[in-house]
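**Q** turn this into a structure:
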Amino acid sequence: MNGNITPYKDSNLGKKEQVTQMFDTISGNYDDLNRVISFGIDVKWRKNVLKLVADQKPATILDIATGTGDLAILMASTTAEKIVGLDISAGMLEVGKKKVAAKNLNHKIEMVLGDSENIPFEDHYFDAITVGFGVRNFENLELGFSEILRVLKPGGRFVILETSVPTKFPFKQGYHLYTKYILPLIGKLFSKDKVAYSYLSESASHFPYGEALNNILRKVGFIDVKHQPQTFGVATIYSASKQ
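**A** Numbering: from 1, shown residues only. Next comes the predicted model:
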């Protein structure tokens, strides 16, 4: 299964640069559109991620591919004293910074422009690291996971929330119809970037999920790797630890 799908197939740019361009373009209406295409269920999934992280009682949290900061803001209800939201899209971060300020969380959450494959923090820095709907946008998945392992403290927890593909009837067939026809149509109607939501659905269907992703995490060096399908398997939460 090849997860290295790019948004703009006729572009000479690499995947990382294309993804940055895409998210900069759709940043203004990303939050509203996200609620529409997921029917708001993504809020519940993020709360399930929150519980896994909160159980660790972390002092420091890194939220990679933070986008507009939804997951980083949610993490403010944990014991964490410092939360960093990292993203390669300046446009998404600008929206996120406004949301953080509106909730008076500037003292706790820092939004940082940066690359998941070259994280600007020292080794063993964070107690917990999260990625919500971002790992399929990594240009080099193993390199990104290796960087996450590097900056995670021993005993720390890494939690991923990512789309996946249902395997059981009729959810598999319904998911296929929705992602192939309805999701791109919604994106075209409401987004300035006409290919963005086609890419998001295509990348989800080609990205490794379940045990395939677990095995990549284990290969990189994570332990206690587990996954839990959400809502009939349309998304999955993965958790892993560092020895």
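
**Q** please make it C-alpha for all contacts and neighbour counts, starting now.
**A** Noted.

**Q** shaky segments in this structure?
**A** Where the chain drops to pLDDT under 70, the residues are 1-3.

**Q** can you map out the helices along it?
**A** 15-26, 30-37, 41-54, 70-74, 90-102, 141-151, 171-177, 183-190, 196-206, 211-220 (DSSP state H).

**Q** make a markdown table out of those and add distance to residue 237 and mean neighbour count.
**A** Formatted as a markdown table, the helices of the chain follow (distance: least, CA to CA, whole Å; neighbours: other CA atoms under 10 Å):
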| stretch | distance to residue 237 | mean neighbour count |
| --- | --- | --- |
| helix 15-26 | 22 | 19 |
| helix 30-37 | 18 | 15 |
| helix 41-54 | 7 | 17 |
| helix 70-74 | 13 | 21 |
| helix 90-102 | 23 | 19 |
| helix 141-151 | 15 | 20 |
| helix 171-177 | 18 | 15 |
| helix 183-190 | 22 | 17 |
| helix 196-206 | 14 | 20 |
| helix 211-220 | 11 | 16 |
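
**Q** any idea which of those helices gets closest to residue 164?
**A** With CA to CA as the measure, helix 196-206 is the member of these nearest residue 164 (6.4 Å).

**Q** report the buried residues of the longest strand along the chain.
**A** Longest strand in the chain, counting residues (DSSP state E): strand 152-163. Buried residues in strand 152-163, counted by 16 or more other CA atoms under 10 Å: 152-153, 156-163.

**Q** dump that strand to PDB, restricted to CA.
**A** Presented in PDB, the C-alpha positions along strand 152-163 are these (Å, rounded to 0.1, in the frame of the first residue of the first chain):
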ATOM      1  CA  LEU A 152       9.700  11.700  23.000                       C
ATOM      2  CA  LYS A 153      10.900  10.900  26.600                       C
ATOM      3  CA  PRO A 154      11.500   7.300  27.600                       C
ATOM      4  CA  GLY A 155       8.100   6.000  28.800                       C
ATOM      5  CA  GLY A 156       6.300   8.700  26.900                       C
ATOM      6  CA  ARG A 157       3.200   8.100  24.800                       C
ATOM      7  CA  PHE A 158       2.700   8.700  21.100                       C
ATOM      8  CA  VAL A 159      -1.000   8.800  19.900                       C
ATOM      9  CA  ILE A 160      -2.100   9.100  16.300                       C
ATOM     10  CA  LEU A 161      -5.600   9.800  15.000                       C
ATOM     11  CA  GLU A 162      -5.900   9.000  11.300                       C
ATOM     12  CA  THR A 163      -8.500   8.100   8.700                       C
END
